[in-house]
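> from the sequence below, what's the structure:
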Amino acid sequence: MIFRPMLEVDLEQVVEIEKASMPSPWSKELFDEELKREAAHYFVIEEEGQVAGYMGYWEAPQEAHIINLAIGPRFRNRGFGRQMVEACVDFARKRGAELATLEVRESNEDARRLYEKCEFKFVAIRKKYYSDNQEDAVVMIREIL
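Below you'll find the predicted structure:
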């Protein structure tokens, strides 16, 4: 397993994972734009020479706001999600973040369990947060001092 920064060459595989994982998947162009954003940090986890998953966060003063995380279907249930969260949080900590935040769909129980295992705590509900279906978002926070 290799954790490394996402590269433009990874985008085809990242988009395939995105399509298999998200109800409203991002396009290759959107990921490409994100890679060019100064405050955005995106990573992949590589296994068997393939991108097994990806994760990204936006950097704000003392905060890492997690934007997305997905593991490809054939790589799920092998601990990659947890490894990716921990590696990303460690990277953010080294860059000065003291807090990690995120929103997750209320119905996404697998993701919520993962974040809870990674010491994220429930703090709020954002009503009708997701524009595709008006689903509520669960807001979670983790101190990473």
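> top strand in the protein by residue count?
The strand spanning the most residues in the chain, taking DSSP state E as the definition, is strand 50-60.
> following element in sequence after the lengthiest helix in the chain, please.
Ranked by residue count under DSSP state H, the longest helix found in the chain is helix 80-94. Scanning forward in sequence from helix 80-94 by DSSP states H and E, the next helix or strand is strand 99-105.
> can you list contacts of that next one?
By CB atoms under 8 Å, 6 or more residues apart in numbering, the list of residues contacting strand 99-105 from outside reads 23, 57, 62-66, 89, 92, 111-112, 115, 120, 126, 129-130, 135-144. From N, CA and C alone the C-beta is placed, and that goes for glycine too.
> residues contacting the very next helix or strand once past it, please?
Going down the chain from strand 99-105, the next helix or strand is helix 109-117, by DSSP H and E. Counting contacts by CB under 8 Å, 6+ apart, the residues outside helix 109-117 that touch it are 69, 81-82, 85, 102, 104-105, 138, 140, 142.
> can you pick the most crowded of those residues?
Comparing the contacts of helix 109-117 on neighbour count, Gly81 comes out first with 25 neighbours (neighbours: other CB atoms under 10 Å).
> on that earlier part again, show me what whatever helix or strand comes next after the longest strand of the chain is packed against.
Of the helices and strands lying after strand 50-60 in sequence (DSSP H and E), the nearest is strand 63-71. Using 3 or more CB pairs under 8 Å, 6 or more residues apart in numbering; DSSP states H and E as the contact test, the elements touching strand 63-71 are helix 11-21, strand 40-47, strand 50-60, helix 80-94, strand 99-105.
> with that, I have no additional questions.
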